[in-house]
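>>> this is the structure alone, sequence omitted:
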């Protein structure tokens with residue numbers, strides 16, 4: 001947890017409006033349904049445009065038919081975009097905020113720790129349209145449970161919720177919590193004892209790898225307090241603006257771990273973190289997934305890097321790749337994690 005300075009704004013819980021959040025979510029739902037229907041109708045008209053334009057029974061001139069279809073497609077796309085943003089903002093109003101660490105309760109929970117700088121990227125929603133799919137197939141797959149309509153943190157929370165409720169430390173100074181995990185806000189000058197206690201109590205700690213001092217402290221604390229099976233490292237791809245020859249964020253994290261252990265005088269040696277495995281077929285990569293992989297630990301902190309590799313199989317659409325990747329790579333990894341947890 002790499003912190004930034006407080007800006008004097010009120011705590012998010014004081015400006016949350018649950019009724020407004022529910023109304024925004026409902027309005028977003030309606031707009032997404034209407035937008036999906038308009039895109040579906042426009043896609044159907046596009047697929048059958050050849051028959052319609054040649055039919056002697058068409059009721060509109062050719063240019064009017066094309067104009068109506070284009071208008072429906074643009075209006076539907078705009079409704080989808082607006083509905084997704086309204087729903088996301090509404091979920092910020094309804095995200096649960098914990099008043100104190102004691103509210104985590106005795107039930108098992110997952111502690112999600114990440115550098116706050118990642119929130120800028122992980123708050124974004126995925127694309128609404130699959131560029132590799134046909135227009136009709138895209139419209140049919142735009143359902144409200146489409147992963148593209150959720151933020152990255154929401155997808156992480158859904159993935160790990162099987163192990164317990166997901167709790168994260170909220171970023172100081174933010175006006176509203178990001179949707180996904182339940183949020184706990186801590187003082188800037190005294191956050192480490194609380195995070196240490198949460199690490200000790202959590203059934204599972206999911207830590208986004210990064211070279212910042214807060215993240216390195218959290219990693220050393222987790223290794224110091226936890227058995228290996230209760231820690232998972234989350235490795236994210238670097239920003240597209242990063243120079244191609246520069247070390248990745250994960251590599252810089254690997255390099256920074258031994259000095260961090262030495263600085264804290266941790267008695268146990270640091271785990272020897274593995275390199276990120278290469279893709280099986282790099283030439284097939286169209287767009288890197290939002291998660292590059294996971295690092296889990298076995299007895300004596302023996303690491304295993306589980307790479308999520310979308311190039312390991314062929315699929316015509318990105319949605320098909322995601323489904324195959326989830327079934328053959330992500331789910332087996334989560335099953336292994338669950339078998340080793342208390």
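Looks like it arrived, so ask away. Not measured: the values here are computed from a predicted model. Numbering: from 1, shown residues only.
>>> contacting residues for residue 165?
Residue 165 makes contact with 104, 107-110, 182 under the criterion CB atoms under 8 Å, 6 or more residues apart in numbering. For every residue, glycine as well, the C-beta is placed using N, CA and C.
>>> considering those, which possesses the most neighbours?
residue 110 (24 neighbours; other CB atoms under 10 Å).
>>> count the residues that sit near residue 280.
12.
>>> surely it is in a strand?
No - counting by DSSP: H, G, I helix; E, B strand; the rest coil, one finds residue 280 to be coil, located in no strand.
>>> what's the neighbour count on the closest residue to it other than its chain neighbours?
Excluding the flanking residues, the one nearest residue 280 by CB to CB, 6 or more residues apart in numbering is residue 312, at 4.9 Å. Using other CB under 10 Å, residue 312 has 16 neighbouring residues.
>>> quick one: residue 312 from residue 98, how far?
Separation of residue 312 from residue 98 (CB to CB, to the nearest Å): 40 Å.
>>> again with residue 78
37 Å.
>>> do the same with residue 187
Counting by CB to CB, the gap from residue 187 to residue 98 is 14 Å.
>>> quick one: which of the two has more around it?
Neighbours were counted for residue 187 and for residue 98 using other CB under 10 Å; residue 98 has more, 17 against 10.
>>> report all helices and strands that the helix or strand where residue 38 lies contacts.
Using DSSP states H and E, the element containing residue 38 is helix 18-47. Secondary-structure packing of helix 18-47 (3 or more CB pairs under 8 Å, 6 or more residues apart in numbering; DSSP states H and E): helix 62-94, helix 135-140.
>>> re earlier: quickly check the contacts of residue 165 for the two that are furthest apart.
Spanning the widest gap among the contacts of residue 165 are 108 and 182, at 13.4 Å by CB to CB.
>>> what pLDDT does the residue nearest to residue 287 when sequence neighbours are not counted get?
Using CB to CB, 6+ apart and skipping residues adjacent in sequence, the residue nearest residue 287 is residue 318, 7.0 Å away. Looking at residue 318, its pLDDT is 70.
>>> and what of the one 10 residues further on?
According to the prediction, residue 328 has pLDDT 90.
>>> same thing with the one 5 residues further on?
The score at residue 333 is 93. That number is its pLDDT.
>>> excluding its backbone neighbours, what's nearest it?
Of all residues not flanking residue 333 in the chain, residue 306 sits nearest, at 4.7 Å (CB to CB, 6+ apart).
>>> one more: residue 295?
Nearest non-adjacent residue to residue 295, counting by CB to CB, 6+ apart: residue 233, 3.8 Å away.
>>> what's the burial count for the one you found?
Residues near residue 233, counting by other CB under 10 Å, number 22.
>>> torsion angles phi and psi at it?
Note on residue 233: backbone dihedrals following degrees, to the nearest 10 are phi -90, psi 140.
>>> ok, back up a step: so which of the contacts of residue 165 belong to helices?
Using DSSP state H, no member of the contacts of residue 165 falls in helices.
>>> redo those as a markdown table? Include pLDDT and distance to residue 173.
As requested, those are exported to a markdown table (pLDDT from 0 to 100; distance: CB to CB, whole Å):
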| residue | pLDDT | distance to residue 173 |
| --- | --- | --- |
| 104 | 85 | 23 |
| 107 | 88 | 30 |
| 108 | 93 | 30 |
| 109 | 95 | 25 |
| 110 | 96 | 25 |
| 182 | 93 | 19 |
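>>> of these, which belong to strands?
Cross-referencing the contacts of residue 165 against strands under DSSP state E gives 109-110, 182.
>>> quick check, nearest of those to residue 340?
Comparing those against residue 340 with CB to CB places residue 110 closest, at 14.4 Å.
>>> from residue 94, how far out is the closest one?
Following CB to CB, the distance that separates residue 110 from residue 94 is 20 Å.
>>> which parts of stretch 23-36 are buried?
Buried residues in stretch 23-36, counting neighbours by 16 or more other CB atoms under 10 Å, are found at 24-25, 28, 31-33, 35-36.
>>> which one of those is nearest residue 199?
Lowest distance from residue 199 to these (CB to CB) belongs to residue 25, with 32.6 Å.
>>> surely the closest one and residue 92 touch.
No - using CB atoms under 8 Å, residue 25 makes no contact with residue 92, being 10.2 Å away.
>>> can you pull out the low-pLDDT segments for the stretch 1-150 of the chain?
Counting by pLDDT under 70, the ranges of the stretch 1-150 of the chain that qualify are 1-14, 46-63, 120-149.
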